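K.L.:
below is the structure, and that's it, no one-letter string:
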Ligand code: LFR
């Protein structure tokens, strides 16, 4: 019997629809559709082109169902924190993009009411200027809305008509109580955020209901939507084949999410000072991690160079050239806030290098090497900090996601952390999405834990090992 589900996985630079096959010893992804995503500058700031994304999702699901009529359900995940406002059953405008600089005003407003140390005690989240609560603080649209839905919940609502807030992603809003897992109504009151906007919280694995109306007609089927770990990082961690109890993971795409899985949140002063987050994981696990700016630095630099040349750049070729750059490699702080917004990344990185007295590499290959090594250094530092904060002797680092294909980055992370790196799977997020649906269908038996799912990943996708070089 064919056991298949569809995964919709939306990343900050591209989205995809995949078919996931799960059967006797089989775990396999078949790509169906891939479409671009990114910030769109409007008169009032940066937005997402959600309308285009939603159209691509519908087309992708139609194609998936045409190819594989056995598809039993659909799961949706995306980047975190961003939301769409809904009124009278419709999306009220294109969602804001978290890289929009307006968030700074929201931070000032929220911290004037609730200082960061108090927020951290309540929500356990690292400071990121775009966390949803800061965006709400300056969003005039809230008053006219009936509901605010995070991106995957918004897609699910438009498909099924059901409004929920999936728990792993809701944990990134800053409005969920890290101790109880419920909406923090006291904080909502203090910040004047209407409680009516926030739908009921549900766990990954919840059956939401069938796709209805025009969407079902377009796709050609009333496929069931199953809630997955809808924060992409939560799904990626599900499919990180953690090989020892003291494994660290890095989910590396646009961001590098570096940390550990814990059973309980760590809401200590030391964790707050190190800016470590306690995001909600699938099965109530805690994603104790730090956001490191990841391949964003490279993709934005390549985008700038391509614009300069009016021609596309072969990334593998550039990385090969970078790997053989001789001499000293100047480093910069990958997390410098000046590197967060889109646009002219090479000049901004050069400014960060210059301000610390470091030399600016003269060639693109050397510049690329500096970017990759700076990311790897930030990864190594975050791994060490995670181990120290959680009192764990980290013995291996798993790199999953797009970054696992970047050999230079994997080796540099091994070297700089002095730990072995196990790289892969590259499509961890989509796999985690597929696995949580498969488990909800009972395909892994009645007692399947995350360890069961990870064993399936390890069996199907042998990781590539990088030993640290002295
Ligand atoms: C990764 C990610 C991170 C989150 C950032 C913004 O794609 O979801 O986990 O901090 O995007 O939403």
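P.N.:
That came through, no problem. Everything quoted here is computed from the prediction, not taken from an experiment.

K.L.:
near the ligand, which residues of the chain show up?
P.N.:
12, 79-81, 98, 231-233, 253-255, 257, 291 (C-beta under 6 Å from any ligand atom). C-beta: built from backbone N, CA, C; applies to glycine.

K.L.:
pLDDT, neighbour count and distance to residue 200 for these - can I get that in TSV?
P.N.:
What follows is those, written out as TSV (pLDDT from 0 to 100; neighbours: other C-beta atoms under 10 Å; distance: C-beta to C-beta, whole Å):
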residue	pLDDT	neighbour count	distance to residue 200
12	95	21	27
79	98	24	22
80	98	27	19
81	98	21	20
98	96	22	24
231	98	32	17
232	98	32	22
233	98	29	23
253	96	26	30
254	94	21	30
255	97	23	28
257	98	26	27
291	98	20	28
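
K.L.:
from the residues you listed, which land in helices?
P.N.:
232-233 (DSSP state H).

K.L.:
so of the residues of the chain next to the ligand, which ones are in strands?
P.N.:
255, 257, 291 (DSSP state E).

K.L.:
quick check, residue 72 in a strand?
P.N.:
Yes: if the criterion is DSSP: H, G, I helix; E, B strand; the rest coil, then residue 72 is within a strand.

K.L.:
possible to save the ones in strands among the residues of the chain next to the ligand as CSV with distance to residue 279?
P.N.:
Formatted as CSV, these follow (distance: C-beta to C-beta, whole Å):
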residue, distance to residue 279
255, 12
257, 9
291, 10
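
K.L.:
for residue 168, state which of these is nearest.
P.N.:
Nearest to residue 168 out of those is residue 257 (C-beta to C-beta; 12.4 Å).

K.L.:
thought that closest one was touching residue 291?
P.N.:
Yes: using C-beta atoms under 8 Å, residue 257 is in contact with residue 291, at 6.2 Å.

K.L.:
nearest to residue 464 among the residues of the chain next to the ligand?
P.N.:
For these, the nearest to residue 464 is residue 253 (17.5 Å; C-beta to C-beta).

K.L.:
verify the contact between that closest one and residue 295 for me.
P.N.:
Yes: between residue 253 and residue 295 there is a contact under C-beta under 8 Å: 6.2 Å.

K.L.:
who touches both of these two?
P.N.:
Common contact partners of residue 253 and residue 295 (C-beta atoms under 8 Å, 6 or more residues apart in numbering): 402-403.

K.L.:
the residue lying closest to residue 457 once chain neighbours are set aside - how many residues pack around it?
P.N.:
With sequence-adjacent residues excluded and distances taken as C-beta to C-beta, 6 or more residues apart in numbering, residue 457 is closest to residue 241, at 4.6 Å. Neighbouring residues of residue 241 were enumerated by other C-beta atoms under 10 Å; the total is 24.

K.L.:
contacting residues for residue 241?
P.N.:
398, 422, 425, 454-455, 457-458, 461, 463.

K.L.:
now it: phi and psi?
P.N.:
phi -80, psi 60 (degrees, to the nearest 10).

K.L.:
repeat for the one 4 residues further on
P.N.:
Backbone torsions for residue 245, taken as degrees, to the nearest 10, come to phi -60, psi -20.

K.L.:
then residue 465?
P.N.:
phi -100, psi 130.

K.L.:
do I have it right that it meets residue 422?
P.N.:
Yes: with contact defined as C-beta under 8 Å, residue 465 counts as touching residue 422 (5.8 Å).

K.L.:
and the two? which has more neighbours close in?
P.N.:
residue 422 (26 against 13).

K.L.:
list the contacts of the more buried one.
P.N.:
Per C-beta under 8 Å, 6+ apart, neighbours of residue 422: 241, 243, 396-399, 463-466.

K.L.:
between the residues you listed, which is nearest the ligand?
P.N.:
Nearest to the ligand out of the contacts of residue 422 is residue 399 (C-beta to the nearest ligand atom; 14.4 Å).

K.L.:
secondary structure class for the closest one?
P.N.:
Assigned state for residue 399: strand (three-state reduction, three-state DSSP).

K.L.:
ok, it - contacts?
P.N.:
So residue 399 contacts 249-250, 252, 409-410, 413, 421-424 (C-beta under 8 Å, 6+ apart).

K.L.:
so who does the closest residue to the ligand within the stretch 101-250 of the chain touch?
P.N.:
Taking C-beta to the nearest ligand atom, the ligand has its nearest neighbour within the stretch 101-250 of the chain at residue 233, 3.8 Å off. Counting by C-beta under 8 Å, 6+ apart, residue 233 touches 80, 251, 255, 257, 279, 287, 289, 429.

K.L.:
now, among those, which is nearest to the ligand?
P.N.:
Lowest distance from the ligand to the contacts of residue 233 (C-beta to the nearest ligand atom) belongs to residue 80, with 3.6 Å.

K.L.:
which one is that closest one nearest to, not counting chain neighbours?
P.N.:
residue 172 (3.8 Å).

K.L.:
and the one you found, its phi and psi?
P.N.:
The phi/psi pair for residue 172 (degrees, to the nearest 10) is phi -90, psi 0.

K.L.:
tell me, how many residues neighbour it?
P.N.:
With other C-beta under 10 Å as criterion, residue 172 counts 27.

K.L.:
let me know the helix or strand that the residue in the chain sticking out farthest from the centre is in.
P.N.:
In the chain, the greatest distance from the average C-alpha position (C-alpha atoms, centre = their mean) is reached by residue 327, at 34.6 Å. Under DSSP states H and E, no helix or strand contains residue 327.

K.L.:
which residue, neighbours along the chain excluded, lies closest to residue 35?
P.N.:
Residue 35 sits nearest to residue 56 (C-beta to C-beta, 6+ apart), 4.0 Å away.

K.L.:
hmm, I typed the wrong one, I wanted residue 213.
P.N.:
residue 161 (7.5 Å).

K.L.:
how far away is the one you found from residue 116?
P.N.:
Taking C-beta to C-beta, to the nearest Å as the measure, residue 161 falls 38 Å from residue 116.

K.L.:
buried stuff in the helix or strand where residue 368 lies?
P.N.:
Here residue 368 sits within helix 364-390, counting by DSSP H and E. Judged by neighbour count using 16 or more other C-beta atoms under 10 Å, the buried positions of helix 364-390 are 364-387, 389-390.

K.L.:
now do stretch 438-458
P.N.:
438-441, 443-444, 448, 450, 453-454, 456-458.

K.L.:
which one of these is nearest to residue 105?
P.N.:
Distances from residue 105 to the buried residues of stretch 438-458, taken by C-beta to C-beta, are shortest for residue 450, at 39.2 Å.

K.L.:
what sits against residue 229?
P.N.:
Contacts of residue 229 (C-beta under 8 Å, 6+ apart): 77, 166, 168, 204, 235, 237-238, 281-282, 432-433, 436.

K.L.:
from those, list the buried ones, please.
P.N.:
Buried among the contacts of residue 229 (16+ other C-beta under 10 Å): 77, 166, 168, 204, 235, 237-238, 281-282, 432-433, 436.

K.L.:
including secondary structure, could those go into a markdown table?
P.N.:
Putting those into a markdown table (three-state DSSP) gives the following:
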| residue | secondary structure |
| --- | --- |
| 77 | strand |
| 166 | strand |
| 168 | helix |
| 204 | coil |
| 235 | helix |
| 237 | helix |
| 238 | helix |
| 281 | coil |
| 282 | helix |
| 432 | helix |
| 433 | helix |
| 436 | helix |
